[in-house]
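J.: Curious how this folds, go ahead:
(6 chains)
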There are 6 protein chains.
Amino acid sequence: MATVRLWTDAEADADPRVKAVFDDIRAVRRADFINNFWRALANQPTVLERTWADLKQVMAADGALDPLTKELIYIAVSTANGCSYCIHSHTAVARSKGMTDAQYGELLAVIGMANHTNALVTGMQVAVDREFQV
Amino acid sequence: MATVRLWTDAEADADPRVKAVFDDIRAVRRADFINNFWRALANQPTVLERTWADLKQVMAADGALDPLTKELIYIAVSTANGCSYCIHSHTAVARSKGMTDAQYGELLAVIGMANHTNALVTGMQVAVDREFQV
Amino acid sequence: MATVRLWTDAEADADPRVKAVFDDIRAVRRADFINNFWRALANQPTVLERTWADLKQVMAADGALDPLTKELIYIAVSTANGCSYCIHSHTAVARSKGMTDAQYGELLAVIGMANHTNALVTGMQVAVDREFQV
Amino acid sequence: MATVRLWTDAEADADPRVKAVFDDIRAVRRADFINNFWRALANQPTVLERTWADLKQVMAADGALDPLTKELIYIAVSTANGCSYCIHSHTAVARSKGMTDAQYGELLAVIGMANHTNALVTGMQVAVDREFQV
Amino acid sequence: MATVRLWTDAEADADPRVKAVFDDIRAVRRADFINNFWRALANQPTVLERTWADLKQVMAADGALDPLTKELIYIAVSTANGCSYCIHSHTAVARSKGMTDAQYGELLAVIGMANHTNALVTGMQVAVDREFQV
Amino acid sequence: MATVRLWTDAEADADPRVKAVFDDIRAVRRADFINNFWRALANQPTVLERTWADLKQVMAADGALDPLTKELIYIAVSTANGCSYCIHSHTAVARSKGMTDAQYGELLAVIGMANHTNALVTGMQVAVDREFQV
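T.: Alright, predicted model coming up:
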């Protein structure tokens, strides 16, 4: 279904640039599993390297936002963009990071309301209040 | 600029349904300020009542997600939807709820990366890994 | 603010292709007013001609959907796309075609709910029921 | 494929809150069929209750817009948002409410043109005419 | 899966308007293959005729932009809109027009970065520099 | 109007990390002008550094796609996302890189048609032809 070939481990091992990224993904995540996104990006090593380096930095555990909150934000954006793969993968990761059913229910509720009020505001073209401007 | 008239306090006071909602907004928020969104919705009392009732329930403080996290999610959705009003209002509210510059920087970083990888995944039409399926 | 120059009537009159389109717009709409969209498109006569010919055909009065219903659909799409100009222009046209405040209120309500449930469905990645498939 | 489990009738019957909503859906629609959207939302009873209450109110038959027009608007929004499930379900419902092939053809035509001119206007960043402002 | 029936060649041959369009598609593309998009649009001959006439004009080979560049732009838009069918079809066409793996990798990279910086700009609501205004 | 402060040159000069990025932007672009996007990102030095490093790599002149083609793709994505700032800035840059009025007209035409057919395909939920799959 993808527009590109998904690289197998054998193929990745044979390409030093791809192997280095896959090795680092496994080390950072402490897991052997490499998901399809990276196997697809392997066709473009430069994009693969940059995307992983960026994602590793952005999603790093020791920031001002905790890892679960970052996943919730990722789900919200992916839902607004209708990215099926991203919704599935980040929902799975959020659960693995401890997201409860109650938290997931509230996440869905906030996503629903945000899209709802976004549409009402846009439909009425409401001007920004002076109080909200920096 | 809006497609509808923004109701003044005097006009709202003269309409029992609108007055009831404005009074409740002030009570819940413990502030006199009513932002333009509600003044625009006042033209449609039924929509006003339902939207406020829903938003009050969804954004209530005592849920499984803390109020600031909900605001971050709201900003993420509003950014994906390009809703200028919503971005301004929820960024202002997030700051009033304690969002630090470091948190805001990470929020922007996650939003940027999520839109970035959403686009890469969608462009390559990557199939969902079996591991991510419930 | 536009990325292109808006053509004046004098400029349009001096270009046969643009003049022909502007004349037809005035004839079809029975009004002298030419809105900025067409004055911007005048920079690209081929696009201008095709867009007007298409729009005239699609929005023609004697179809299976009445003109006001078409405007409501146009507003709904423009709101989902966040096109401020299109929201303003089609809301104004809808009103000129008889849209009442009650109809506008319900339009906004449906737009809000559609964006709301779209987001919930997408967030949960619900599979299409067999009953809904042709 | 969904990120949540779809509730069976037996499971729904065992949960008073979910049962009450499912019963009301069946009563309002005068049909036994409960589509997957509600079976997915059943995981979050609070969201289920609010969403059904809102949808029932917004899509109620006796408003200023007729039920078919509301479905056409729903399809337009769902298409702009790329919500496959919503497109399928609301197209099926529109047909059950009497949408003819000719009406569907015009709906698609308006949706196509709206997205087309939305993009042209946005690409050229055309400023709103004074005549379109309230 | 589609909301409409896909016309077979036999059905298309029996309808003069559809046959004329299918014949022209085959002549312009110098290939017998008619893809599903046109077989779906055949249900609405007026939309079929207009869409093909427009697309033929816009994608014509002898313009100011070369055919491959137009396909890259089409892929970029289709990715932003999350149109799976369009991404698959235009990526296939781009490859048939000579798109190399290196070009595809850069296309994906630009699409990724554009969505990334679009989101950052929108999230911060940056005002347009005077230098960028016409 | 922005949600963050735009840094002046004096402020940037006083922060080594921001100064280093601004200096590099000026060197790469061979121009003194620093646009608002970077002045806004300066509030978040880590995001500023990563975004500039990425953008410099992606938009570098010596790739498989020429610089003007990359700008056209950027405009197409920015238009689909409704990012006003991005449309203005990249249209200005495209012109500075030699985009002619004829090329711009065709870019707009392709963007318009892509959004048009994306919507038709999505509205009809057309399945991907086997011929388009890798």
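
J.: Could you pull up the residues touching the residue of chain A at minimum distance from chain D?
T.: Nearest residue of chain A to chain D, counting by CB to the nearest CB: A:Gly105, 3.6 Å away. Where you see a C-beta, it was placed from the backbone N, CA and C, and this is true even at glycine. Counting by CB atoms under 8 Å, 6 or more residues apart in numbering or on different chains, A:Gly105 touches B:64, D:43-44, D:46-47.

J.: let's see 6 Å
T.: By CB atoms under 6 Å, 6 or more residues apart in numbering or on different chains, the residues touching A:Gly105 are D:44, D:47.

J.: Then the one 10 residues further on?
T.: For A:Asn115, the set of contacting residues under the criterion of CB under 6 Å, 6+ apart consists of C:115-116, C:119.

J.: So which bits of chain A are right by chain E?
T.: Chain A comes close to chain E at residues A:3, A:44, A:47, A:82, as judged by CB under 6 Å from any CB of the partner chain.

J.: quick check: angle from the top helix by length along chain A to helix C:101-124?
T.: Looking across chain A with DSSP state H, the single longest helix is helix A:101-124. Counting by axes from the mean of the first three to the mean of the last three CA atoms, to 10 degrees, helix A:101-124 lies at 140 degrees to helix C:101-124.

J.: Convert the C-alpha atoms of helix A:101-124 to PDB, please.
T.: Only the C-alpha atoms of helix A:101-124 are listed here, as PDB (Å, rounded to 0.1, in the frame of the first residue of the first chain):
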ATOM      1  CA  ASP A 101      -8.900   5.000  29.800                       C
ATOM      2  CA  ALA A 102     -10.100   8.100  31.700                       C
ATOM      3  CA  GLN A 103      -7.200  10.200  30.300                       C
ATOM      4  CA  TYR A 104      -7.900   8.900  26.800                       C
ATOM      5  CA  GLY A 105     -11.600   9.800  27.200                       C
ATOM      6  CA  GLU A 106     -10.700  13.300  28.200                       C
ATOM      7  CA  LEU A 107      -8.200  13.600  25.400                       C
ATOM      8  CA  LEU A 108     -10.900  12.700  22.900                       C
ATOM      9  CA  ALA A 109     -13.300  15.000  24.500                       C
ATOM     10  CA  VAL A 110     -10.900  18.000  24.300                       C
ATOM     11  CA  ILE A 111     -10.000  17.100  20.700                       C
ATOM     12  CA  GLY A 112     -13.700  17.000  19.800                       C
ATOM     13  CA  MET A 113     -14.500  20.300  21.600                       C
ATOM     14  CA  ALA A 114     -11.400  22.000  20.100                       C
ATOM     15  CA  ASN A 115     -12.400  21.100  16.600                       C
ATOM     16  CA  HIS A 116     -16.000  22.100  17.400                       C
ATOM     17  CA  THR A 117     -15.200  25.600  18.700                       C
ATOM     18  CA  ASN A 118     -12.500  26.100  16.100                       C
ATOM     19  CA  ALA A 119     -15.200  25.700  13.500                       C
ATOM     20  CA  LEU A 120     -17.700  28.000  15.200                       C
ATOM     21  CA  VAL A 121     -15.100  30.700  15.600                       C
ATOM     22  CA  THR A 122     -13.900  30.300  12.000                       C
ATOM     23  CA  GLY A 123     -17.400  30.300  10.700                       C
ATOM     24  CA  MET A 124     -18.200  33.500  12.500                       C
END
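
J.: is stretch A:35-45 anywhere near chain B?
T.: Yes: using CB under 6 Å from any CB, stretch A:35-45 reaches chain B at A:35-37, A:40.

J.: quick one: average confidence on that stretch?
T.: Mean per-residue pLDDT for stretch A:35-45: 98.

J.: tell me how far it is from the chain's mean position?
T.: How far stretch A:35-45 lies from its chain's middle: 15 Å, per CA atoms, centre = their mean, to the nearest Å.

J.: now swap in stretch A:74-83 and tell me
T.: The answer for stretch A:74-83 is 9 Å, by CA atoms, centre = their mean.

J.: Next: stretch A:54-66.
T.: On CA atoms, centre = their mean, the centre of stretch A:54-66 falls 12 Å from that of its chain.

J.: Just the closest of the residues of stretch A:35-45 next to chain B to B:Ala76, please.
T.: A:Phe37 (19.9 Å; CB to CB).

J.: What about the residues of stretch A:35-45 next to chain B, which are in helices?
T.: Using DSSP H, those in helices are A:36-37, A:40.

J.: Okay, buried residues for stretch A:81-90 please.
T.: When burial is assessed from 16 or more other CB atoms under 10 Å in any protein chain shown, stretch A:81-90 yields the following buried residues: A:81-90.

J.: typo on my end, it should be stretch A:18-30
T.: In stretch A:18-30, counting by 16+ other CB under 10 Å, buried: A:18, A:21-22, A:25.

J.: what's the answer for stretch A:92-105, then?
T.: When neighbours are counted by 16+ other CB under 10 Å, the buried residues of stretch A:92-105 are found to be A:92-95, A:99, A:103-105.

J.: any idea how far A:Ala31 is from A:Ser96?
T.: Distance of A:Ala31 to A:Ser96, computed by CB to CB, to the nearest Å: 10 Å.

J.: cool, A:Asp129 as well?
T.: Taken as CB to CB, the span from A:Asp129 to A:Ser96 is 40 Å.

J.: Please enumerate the strands of chain A.
T.: With DSSP state E as the definition, chain A shows no strands.

J.: How about the residues of it by chain C?
T.: Checking chain A against chain C by CB under 6 Å from any CB, the hits are A:79, A:82, A:87, A:108, A:111-112, A:115-116, A:119-120, A:122-123, A:125.

J.: you'd agree A:Arg39 is up against A:Thr8?
T.: No: in this structure A:Arg39 lies outside contact range of A:Thr8 using CB atoms under 6 Å: 7.7 Å.

J.: ok, these two, which is more surrounded?
T.: Neighbour count, other CB atoms under 10 Å in any protein chain shown: between A:Arg39 and A:Thr8, A:Arg39 has more, with 23 against 11.

J.: dump the residue contacts of that one.
T.: Taking CB under 6 Å, 6+ apart as the test, what A:Arg39 contacts is A:6-7.

J.: Nothing else from me, thank you.
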